[in-house]
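Q: Let me see the structure of the following:
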Amino acid sequence: MKAFSLFLLFCIGAVLSGCGQQRDSNTLVIYAAGPRSLAEWLCANFEKETGRKTKLYSATTGEVMAKLMAEQYHPQADVAILASPTAAEVLKQQKMLLPQPSGLLSRPEWSDKDGYYIGTAASALGIAMRRDQYDPALEWADIFSGKFKGKLLMPSPQQSGTSGEFIVAFSEKMGDQFWNGLIDAKKHGLQVSGPNSQALNGLVLHAQDAVLASADYLVFKQIEKGEPLVMHFPASGCPVIPRPIAILKGTVNRAAADAFVKFCFSSEAQKRMAEEHLIPAGPQIPLSSIRQQAEPITAMPYDVAAAVRDQPAALMRFKYEVEKKVQ
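A: Okay, the predicted model is just below:
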């Protein structure tokens with residue numbers, strides 16, 4: 001019995017420490033935030049081009065981050081693609097990343113100045129609206145003051161990474177004016193519920209008339225299907241959220257990881273990102289036809305370091321002052 005107990009403890013310790021878990025150095029492990037169709041395309045076409053095997057875990061940025069943190073002392077991933085620069089900055093600060101290969105062409109404002117992560121593409125966060133509610137002059141102040149009379153929903157920042165980026169960006173720009181506006185919007189009927197995709201389903205099913213903090217590429221996909229929606233970008237500015245790629249420090253496939261990152265910036269891969277209605281990193285890559293027909297975007301300044309510092313407090317404040325507050 002004693003020997004069995006010692007063996008059991010040894011097995012538990014092995015699992016916790018990662019001992020005995022052999023990683024396949026011939027398989028590149030990719031953790032990627034959605035859209036899943038894009039991540040699957042990148043893996044399949046990288047395999048086709050290089051002959052290297054890949055293994056994909058596709059989930060939300062929050063789920064990818066939780067998995068990476070849980071595996072911090074016995075890492076399994078080689079590369080991570082995230083829908084949040086704040087998440088990438090957290091990994092950098094935790095010293096979980098390796099520098100990127102040189103020569104990648106992206107937009108400087110989408111990338112880490114120290115070279116640990118780099119934006120492959122981006123989406124803007126605005127207001128998804130039913131076409132019959134569309135007003136091109138609608139501003140954030142109109143939303144916060146209750147001038148918009150339709151049914152209004154915002155994805156919960158506890159469940160939606162883009163919604164979390166939205167509140168941090170506005171909190172940094174407007175401070176208490178933003179928070180007071182959100183509280184007023186809640187008094188005028190703003191509902192807070194679910195992740196971004198679920199919120200858009202409510203719009204498609206006529207349960208809502210507009211959704212705040214919507215990731216534009218998801219709305220453009222619905223428009224592509226024929227849904228009578230409009231993606232509205234208030235002229236005063238919207239957060240533009242890059243999708244960074246990073247190489248994990250625990251990779252056992254550094255050469256393959258470098259090759260995969262470089263592949264994501266190839267003309268072929270960048271065109272595929274544009275087809276998903278994302279803003280590609282390569283300025284020479286044409287936008288999708290639906291995005292070309294959409295309103296122009298005024299990018300709101302976004303300080304990633306400040307976002308990392310302030311996001312926990314902002315999420316907590318939203319939860320108790322807006323989401324759970326009983327009017």
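
Q: hang on, Phe265 packs against Gln284?
A: No - if you go by CB atoms under 8 Å, Phe265 and Gln284 don't touch, sitting 11.8 Å apart. Where you see a C-beta, it was placed from the backbone N, CA and C, and this is true even at glycine.

Q: tally of neighbours for Val252?
A: 18 (other CB atoms under 10 Å).

Q: tally of neighbours for the spatially closest residue to Asp310 that is not a sequence neighbour?
A: In space, and not counting its chain neighbours, Asp310 is closest to Val168: 6.1 Å by CB to CB, 6 or more residues apart in numbering. If you count neighbours by other CB under 10 Å, Val168 ends up with 27.

Q: how distant is the longest strand that the chain contains from the center of its chain?
A: For the chain, the strand that runs over the most residues, judged by DSSP state E, is strand 118-130. Relative to its parent chain, strand 118-130 has a centroid offset of 9 Å by CA atoms, centre = their mean, to the nearest Å.

Q: Check which helices and strands it sits against.
A: helix 161-174, helix 196-204, strand 210-215, helix 216-224, strand 229-232, strand 240-248, helix 267-275, strand 279-280 (3 or more CB pairs under 8 Å, 6 or more residues apart in numbering; DSSP states H and E).

Q: Can you show me the CA trace of that strand as PDB?
A: The C-alpha trace of strand 118-130 is given here as PDB (Å, rounded to 0.1, in the frame of the first residue of the first chain):
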ATOM      1  CA  ILE A 118       3.100  41.300 -34.100                       C
ATOM      2  CA  GLY A 119      -0.400  42.000 -35.500                       C
ATOM      3  CA  THR A 120      -1.400  39.800 -38.300                       C
ATOM      4  CA  ALA A 121      -4.800  41.600 -38.900                       C
ATOM      5  CA  ALA A 122      -7.300  43.600 -37.000                       C
ATOM      6  CA  SER A 123     -11.000  44.300 -36.500                       C
ATOM      7  CA  ALA A 124     -12.800  47.500 -35.300                       C
ATOM      8  CA  LEU A 125     -15.300  47.600 -32.500                       C
ATOM      9  CA  GLY A 126     -18.400  49.700 -33.300                       C
ATOM     10  CA  ILE A 127     -22.200  49.400 -33.300                       C
ATOM     11  CA  ALA A 128     -24.000  46.600 -35.200                       C
ATOM     12  CA  MET A 129     -27.500  47.700 -36.100                       C
ATOM     13  CA  ARG A 130     -30.500  46.500 -37.900                       C
END
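
Q: and the next element down the chain from it?
A: Per DSSP states H and E, the first helix or strand lying C-terminal to strand 118-130 is helix 140-145.
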